[in-house]
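>>> this is a predicted model, with the sequence first.
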Amino acid sequence: MKWLPPAVALLVGLIGGYFLFAPDEPPAAAHAETALSERANSPAAAAVDHAPARSSSKNSKVAKSGISSAWLKSLEQQTQFDQIGSLHAQLKSVSSADFPAIIDSLGDSTQAMNWMVRSMLATKWAESDPTGMLAYVESRPERERWGMQNMLFGAWAKTDLNAALAAARGLADGRYRSSAIQAVIRTVAGEDSTRALLIAESLEDRRSRSSSIQAIIQTVAAADPQRAIAIAEQQMDSGALRSSSYLFSNIFSQWARRDAGAARQAALAMPDSPMKVKALSGALQQWVSTDPIAALNWLDSLPVDSSVYNSRKEVFRHVLNQDFDVAKEFIEAESDSVARREILSNLYVGNFAWNKSYEEIESIFDWVGTVATGSMYDQKVSDVVRSMAESDPDRAMDFMLQMRPGNARMSALGSISSILAERDPVAALAFVQTLAYEDEKKRALSGMGHQMSKHGVLVASELITSSEDPLVQRQLASRVVGEWMKYDRAAALTFVESLSDDQARNRAVGSILNHWIQSEPAEAIDYMVTELPENQLGSNLSSAFSQWARQDPEAAVAWLDQLPEGAEAKQADIYNRVAQAYVQHDPMAASEWIATLDEGLERDATVKTLVRTISKTDPEAGFIWSATLTDGKARQNSLNQTVREWVKTDPDAAYDAVKDSKINAAEKEPLFKLIEQQQAKNQ
């Protein structure tokens, strides 16, 4: 059988290509894989992809190839190895010009047989006419292009490396370019990792260079994990590759498939680092999947350093959230209460409760009470009740209402309310009205605003304004306008002004103003002056300027001299809030601004803020600023604060500063006492 050697080689290539090239899909394509597969199987997708009638010439080429649906159906009774042999024999006589028509005729690429035919066609086509295949690949939909392109460039690199690399570098789309370059480099790496590294290191684009080096490491790891580790460490030391701890997980996972004991021992021998954590986790991956309890017990038997400790946490997260029975057995076997809490903190019921019945989830609630206490119990109860509510909201509500008062009940209440609001806002608000206590109503409403907005802000706003309970308006109105005001401020303002509860209206309009002033300060301030009651102007200005200064302190400072009449009572507070944000962002720039202010309440407010911030790190500067305060009581308090910090590090310098300062003797006296007390402690 002359076809046997090439068929074997092709089989190895297909399998290797599948595992090596699949990760090259971009994140968006990877996340959409399931949806695209479903779409590809749908009648509508078939109509889109294959509706155009093929020409008689294409049909004749397909017919001449001997590859038809009936012929492919006849192969299903053969073993996969024999199928490959039959396909190989059939495809030997097909010319490159026929490949597009044959591939187009195959239909759904997700079917195993069609995928195999496509792969074999693509491999032969890439070897005989790579430029022609590239033109075809570039015309295909994205879901088809990735795999075919990777196979093309991998095969092309074997026959003409320089041409394949030049073509890959010439691709316009950065995602396809990076993927194609990696396909070329993987092929080279399988034969000569040193040469592959030279190619990767010559790439100008940092991202392509880094991803190509990682591809080399992953390829080498399949055959020589020690060599892969050496390459990874060398590339990280040189700065060509950032610390990519996940690479070590991949390397050691592959190593463990060949020699699990050697992989584990090599991981343990590594120095403490994130790489060691991932190496241990990778080395344990297969063991964890086959015998998780044994793997966890082995980890527990090790001398604990930070890497072993963190590896245990990572393994816990993986094991505990895949199989509840395993998690339950392991947690119950832990007698140390502190260790048990640590394990429980990594257990998330929602990860495995999705396929359990309501009764099964409720039994988990009972079990949690036997292994968890205090705040850990409260957290896990919330997790369990959320899963109960996702399974059956009505039964979960009744269950929660029977729980004893406390944090567990409150946590459960918050979980249920959030799910109800996402599914049915009307029912969620009706549920809130059944609660007897205000604190429970507040807790329920606190998690509903964002979920209600998913149904549309108009629906949410109508429900809020129509509620006769002022608590509903107070808890939800400001949350609903949070995003609304960013794209339709006028509608958000109309909603806020229609609220019947004064407290809710004030809080919601404040949320709008805090954002509005940052984009249109003149209009926002004008609205405050003309539309707000006089007793609310100052507080809203303080809040708005405080939020503004956190985002853009220079812009907020520039508008301080345009504060409107009526804000005098709050002016010092406004300056203080702006100074707080500015000093935290850039103390030097803030001090330069403060130095330009005239003496008075506003300047004193900013100086006090500056002194509080810098007195620990720069007490000398804090002392100088404190002495400039005009208010006597404020000056004495700031001087005391600064000297108290200064004497901890340099009492002699503090003494000289007080002695030489121009403050009066009465103010110096308590400062000298502070210094003397500290000097006495130091002797």
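Looks like it came in fine.
>>> residue ranges for the helices of the stretch 251-400 of the chain, please.
274-290, 292-300, 306-320, 324-333, 337-344, 350-353, 358-371, 374-391, 393-401 (DSSP state H, counting those that start in this stretch).
>>> over to the stretch 551-683 of the chain?
Assigned by DSSP H, counting those that start in this stretch, the helices in the stretch 551-683 of the chain fall at 553-558, 571-585, 587-595, 601-614, 619-626, 632-649, 651-660, 665-682.
>>> got it, and the stretch 51-200 of the chain?
Remark: helices assigned in the stretch 51-200 of the chain by DSSP H, counting those that start in this stretch are 56-65, 69-74, 80-91, 99-105, 112-128, 130-138, 142-159, 161-169, 174-191, 193-201.
>>> reformat the helices of the stretch 251-400 of the chain as TSV; add mean neighbour count, distance to residue 231 and mean pLDDT.
Backbone N, C-alpha and C define where each C-beta goes, glycine included. Converted to TSV, those look like this (neighbours: other CB atoms under 10 Å; distance: least, CB to CB, whole Å; pLDDT from 0 to 100):
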stretch	mean neighbour count	distance to residue 231	mean pLDDT
helix 274-290	22	13	89
helix 292-300	17	28	84
helix 306-320	19	21	80
helix 324-333	16	36	86
helix 337-344	16	36	86
helix 350-353	17	35	84
helix 358-371	16	45	92
helix 374-391	21	42	92
helix 393-401	17	53	92
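>>> could you export these as JSON lines, including distance to residue 660?
Formatted as JSON lines, the helices of the stretch 251-400 of the chain follow (distance: least, CB to CB, whole Å):
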{"stretch": "helix 274-290", "distance to residue 660": "52"}
{"stretch": "helix 292-300", "distance to residue 660": "64"}
{"stretch": "helix 306-320", "distance to residue 660": "51"}
{"stretch": "helix 324-333", "distance to residue 660": "67"}
{"stretch": "helix 337-344", "distance to residue 660": "56"}
{"stretch": "helix 350-353", "distance to residue 660": "66"}
{"stretch": "helix 358-371", "distance to residue 660": "66"}
{"stretch": "helix 374-391", "distance to residue 660": "54"}
{"stretch": "helix 393-401", "distance to residue 660": "68"}
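>>> among the ones you listed, which is nearest residue 473?
Across these, residue 473 has its closest neighbour in helix 393-401 (23.2 Å, CB to CB).
>>> run through who's touching the closest one.
Applying CB atoms under 8 Å, 6 or more residues apart in numbering, the set of residues contacting helix 393-401 from outside is 358, 362, 385, 388-389, 409, 412-413, 416, 419-420, 423, 431.
>>> now do 7 Å
358, 385, 388-389, 409, 412-413, 416, 419-420, 423, 431 (CB atoms under 7 Å, 6 or more residues apart in numbering).
>>> cool, and stretch 531-549?
Contacts for stretch 531-549 (CB under 7 Å, 6+ apart): 506, 510, 513-514, 517-518, 524, 528-529, 555-556, 563, 566-567, 569-570, 573-574, 577-578, 581-582.
>>> list the buried residues for it?
532, 537-549 (16 or more other CB atoms under 10 Å).
>>> what's the neighbour count on residue 599?
As a burial measure, residue 599 scores 10 neighbours (other CB atoms under 10 Å).
>>> contacts for stretch 654-668?
Taking CB under 7 Å, 6+ apart as the rule, stretch 654-668 contacts 620, 623, 627, 636, 639, 643, 646-647, 671-672, 675.
>>> actually stretch 273-285, not the one I typed
Looking at what lies outside stretch 273-285 - CB under 7 Å, 6+ apart - the contacts are 243, 245-246, 248-253, 255-256, 263-264, 267, 270, 295, 307, 310-311, 314-315.
>>> likewise for stretch 345-359?
Stretch 345-359 is contacted by residues 313, 316-317, 320-322, 324, 327, 361, 364, 376, 383-384, 386-388, 391-392, 395 when judged by CB under 7 Å, 6+ apart.
>>> could you rerun that using 6 Å?
316-317, 320-321, 324, 327, 361, 364, 383-384, 387, 391-392, 395 (CB atoms under 6 Å, 6 or more residues apart in numbering).
>>> which of those residues lies closest to residue 477?
If you rank those by distance to residue 477 using CB to CB, residue 383 comes first, at 29.6 Å.
>>> how about the nearest residue to that closest one, chain neighbours excluded?
Sequence neighbours aside, residue 349 is the residue nearest to residue 383 in space, at 4.6 Å (criterion: CB to CB, 6 or more residues apart in numbering).
>>> shouldn't residue 385 be in contact with residue 415?
Yes: Residue 385 lies in contact with residue 415 (CB atoms under 6 Å); the separation is 5.2 Å.
>>> returning to what we had before: out of the contacts of stretch 654-668, which are buried?
623, 627, 636, 639, 643, 646-647, 671, 675.
>>> JSON lines please, covering those and showing distance to residue 476 and pLDDT.
As requested, those are exported to JSON lines (distance: CB to CB, whole Å; pLDDT from 0 to 100):
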{"residue": "623", "distance to residue 476": "49", "pLDDT": "94"}
{"residue": "627", "distance to residue 476": "50", "pLDDT": "93"}
{"residue": "636", "distance to residue 476": "47", "pLDDT": "93"}
{"residue": "639", "distance to residue 476": "48", "pLDDT": "94"}
{"residue": "643", "distance to residue 476": "50", "pLDDT": "92"}
{"residue": "646", "distance to residue 476": "50", "pLDDT": "92"}
{"residue": "647", "distance to residue 476": "52", "pLDDT": "90"}
{"residue": "671", "distance to residue 476": "53", "pLDDT": "92"}
{"residue": "675", "distance to residue 476": "56", "pLDDT": "88"}
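>>> what's the closest of those to residue 227?
Nearest member of the buried ones among the contacts of stretch 654-668 to residue 227, counting by CB to CB, is residue 646, at 58.7 Å.
>>> and the gap between the closest one and residue 459?
Residue 646 sits 60 Å away from residue 459, going by CB to CB, to the nearest Å.
>>> can you check residue 588 too?
50 Å.
>>> cool, and residue 674?
63 Å.
>>> and these two? which has more neighbours close in?
residue 674 (19 against 14).
>>> dump the residue contacts of that one.
Residue 674 makes contact with 643-644, according to CB under 6 Å, 6+ apart.
>>> export the buried residues of stretch 531-549 to JSON lines and tack on secondary structure, distance to residue 78 and pLDDT?
Listed next are these as JSON lines, based on DSSP: H, G, I helix; E, B strand; the rest coil; distance: CB to CB, whole Å; pLDDT from 0 to 100:
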{"residue": "532", "secondary structure": "coil", "distance to residue 78": "82", "pLDDT": "91"}
{"residue": "537", "secondary structure": "helix", "distance to residue 78": "85", "pLDDT": "91"}
{"residue": "538", "secondary structure": "helix", "distance to residue 78": "85", "pLDDT": "90"}
{"residue": "539", "secondary structure": "helix", "distance to residue 78": "81", "pLDDT": "92"}
{"residue": "540", "secondary structure": "helix", "distance to residue 78": "79", "pLDDT": "93"}
{"residue": "541", "secondary structure": "helix", "distance to residue 78": "81", "pLDDT": "94"}
{"residue": "542", "secondary structure": "helix", "distance to residue 78": "80", "pLDDT": "94"}
{"residue": "543", "secondary structure": "helix", "distance to residue 78": "76", "pLDDT": "94"}
{"residue": "544", "secondary structure": "helix", "distance to residue 78": "75", "pLDDT": "95"}
{"residue": "545", "secondary structure": "helix", "distance to residue 78": "78", "pLDDT": "95"}
{"residue": "546", "secondary structure": "helix", "distance to residue 78": "75", "pLDDT": "93"}
{"residue": "547", "secondary structure": "helix", "distance to residue 78": "71", "pLDDT": "94"}
{"residue": "548", "secondary structure": "helix", "distance to residue 78": "73", "pLDDT": "95"}
{"residue": "549", "secondary structure": "helix", "distance to residue 78": "74", "pLDDT": "95"}
